[in-house]
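In: attaching a predicted model along with its sequence, questions to come.
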Amino acid sequence: MKVKEALSRSILELKKAKVEGPISSAHVLMADVLGVRKEEVLVSSERVLSGLELKKLKNYIDQRKNHKSVWHIVGRVSFWGLDFFVSSDVLVPRPETEILVQEALGAISNFEFRISNSNQKSETKNQKSKISILDVGTGSGTIAIALASESPEIKLTAVDKSPKAIKVAQKNAKYNKIKNIKFIESDLFSSVKGRFDIICANLPYIPSEEIGLLPVEVCCYEPHLALDGGSKGLEIYEKFLSGVGKYLKPEGFVFCEIGINQGKKIKKMIKKYLPGFRCIIKRDLAEIDRVAIILKS
Ligand SMILES: C[S@@+](CC[C@H](N)C(=O)[O-])C[C@H]1O[C@@H](n2cnc3c(N)ncnc32)[C@H](O)[C@@H]1O
């Protein structure tokens, strides 16, 4: 069977199974079978699939018909232009999280500027290695690895409560040739030592009562430890914010990914737990509260 015929058949099957994004799903899965990029599938439309390739495609389409996400099926996803392995032990990184990475990179530049202003140029490179970053709830390692890929001199620590997620993150760091991250299993700050210039967190923020309303791809295939933020969604962030002050350097920054209508509630918590700090809420393209930036007033 030719690629174009197998594609139309797959799309039809996915449509019948009422899968979200049947065309795009079929293209991603076919690309993996062919070992090409999604954009290159159409160029191969006249190619004849081997028996093995057809078997693999059928297996993929069957999984997608059960609403498993394409990323969990192929086991890989792109984030910040890098490839990440994902499994049922980790959340699939979302494109919105790149906003947090972008903001944190701004803070790194801010520190670099301060350092280069206070030092001889020859010392600047060495001084950069003094910038320290903590990523709490690292999951597959996305935020820490993206930052490390941009700033290989910086010292990063990445923690997660899930030992299985830590294993995935370590595999991703190795695959992306990242050497400057220390991965630690830790319930928030329980195994963290020292103070950091920048603390990033993408902790669970979905209210427990809403998890069952999420698409099957999310609620049935992603770990609830990565999603469930407790009653009203901000229980874990409240614990995080009540403790983060002890781990932040006086001029440090905190970046938290949050969700819909959570900006105001986070601001209230910052007033309570981090006096002397202020908070800016950054929204995403859909105008949803997405990143809380916490910095000295
Ligand atoms: C929303 S996922 C984010 C994963 C990753 N940072 C990303 O952006 O793709 C939340 C992560 O926080 C971790 N987590 C949940 N509760 C935690 C806790 N108390 N301490 C540390 N990590 C926790 C979960 O295991 C999960 O990997």
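Out: Done, it's in. Numbers count the residues shown, from 1 in each chain.

In: please make it C-alpha for all contacts and neighbour counts, starting now.
Out: Will do.

In: give the contact list for Pro207.
Out: Under the criterion of CA atoms under 8 Å, 6 or more residues apart in numbering, the neighbours of Pro207 are 228-234.

In: for the lengthiest strand in the chain, which helices and strands make contact with it?
Out: Ranked by residue count under DSSP state E, the longest strand found in the chain is strand 248-257. Other helices and strands packing on strand 248-257, by 3 or more CA pairs under 8 Å, 6 or more residues apart in numbering; DSSP states H and E, are helix 97-118, strand 196-201, strand 289-296.

In: please redo it, this time with the cut-off set to 6 Å
Out: strand 196-201, strand 289-296 (3 or more CA pairs under 6 Å, 6 or more residues apart in numbering; DSSP states H and E).

In: out of the contacts of Pro207, which are inside helices?
Out: Within these, no residue falls in helices by DSSP state H.

In: show me the shaky parts of the stretch 1-150 of the chain.
Out: For the stretch 1-150 of the chain, applying pLDDT under 70 flags the ranges 119-128.

In: could you find the closest non-adjacent residue to Leu100?
Out: Val291 (6.1 Å; CA to CA, 6 or more residues apart in numbering).

In: ok, now which ones touch that neighbour?
Out: Shown in contact with Val291 (CA atoms under 6 Å, 6 or more residues apart in numbering): 256-258, 281-282.

In: out of those, which comes closest to Pro152?
Out: Among these, Cys256 lies closest to Pro152 (CA to CA), at 22.3 Å.

In: which parts of the stretch 1-150 of the chain sit against the ligand?
Out: Counting by CA under 6 Å from any ligand atom, the positions of the stretch 1-150 of the chain adjacent to the ligand are 90-93, 97, 136-140, 142-143.

In: can you name every helix or strand that the helix or strand containing Ile166 contacts?
Out: Remark: Ile166 resides in helix 163-175, with elements defined by DSSP states H and E. Helix 163-175 is packed against no helix or strand, with contacts defined by 3+ CA pairs under 6 Å, 6+ apart.

In: picking up where we left off before, helix or strand right after the longest strand of the chain?
Out: By DSSP H and E, the next helix or strand past strand 248-257 is helix 263-273.

In: outside of that following helix itself, list whatever touches it.
Out: Counting by CA under 6 Å, 6+ apart, 242, 289 sit against helix 263-273.

In: buried residues in it?
Out: For helix 263-273, burial by neighbour count (16 or more other CA atoms under 10 Å) applies to 263, 266-267, 269-270, 273.

In: now that helix against strand 248-257, angle please.
Out: Per axes from the mean of the first three to the mean of the last three CA atoms, to 10 degrees, the angle that helix 263-273 makes with strand 248-257 is 160 degrees.

In: let me see the mean pLDDT of the very next helix or strand once past helix 263-273.
Out: Following helix 263-273 in sequence order, the next helix or strand is strand 277-283 (DSSP H and E). Taken as a whole, strand 277-283 carries a mean pLDDT of 97.

In: list the strands paired with strand 277-283, with their directions.
Out: Pairing partners of strand 277-283, with direction, according to DSSP bridges: strand 289-296 (antiparallel).

In: okay, buried residues for the partner strand please.
Out: Buried, per 16+ other CA under 10 Å, within strand 289-296: 289-295.

In: just these now: which is nearest Val244?
Out: Ile294 (10.9 Å).

In: in JSON lines: the buried residues of helix 263-273, plus pLDDT and distance to Lys2.
Out: Converted to JSON lines, the buried residues of helix 263-273 look like this (pLDDT from 0 to 100; distance: CA to CA, whole Å):
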{"residue": "Gly263", "pLDDT": "97", "distance to Lys2": "51"}
{"residue": "Ile266", "pLDDT": "97", "distance to Lys2": "53"}
{"residue": "Lys267", "pLDDT": "97", "distance to Lys2": "56"}
{"residue": "Met269", "pLDDT": "97", "distance to Lys2": "58"}
{"residue": "Ile270", "pLDDT": "97", "distance to Lys2": "58"}
{"residue": "Tyr273", "pLDDT": "97", "distance to Lys2": "61"}
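
In: tabulate these (CSV), appending distance to the ligand.
Out: Output for those, formatted as CSV (distance: CA to the nearest ligand atom, whole Å):
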residue, distance to the ligand
Gly263, 17
Ile266, 16
Lys267, 20
Met269, 17
Ile270, 19
Tyr273, 18
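
In: burial measure for Gly139, as a count.
Out: 30 (other CA atoms under 10 Å).

In: what's the offset of stretch 100-109 from the middle of its chain?
Out: How far stretch 100-109 lies from its chain's middle: 15 Å, per CA atoms, centre = their mean, to the nearest Å.

In: per-domain residue ranges of the chain.
Out: 3-66, 97-296 (automatic domain parsing).
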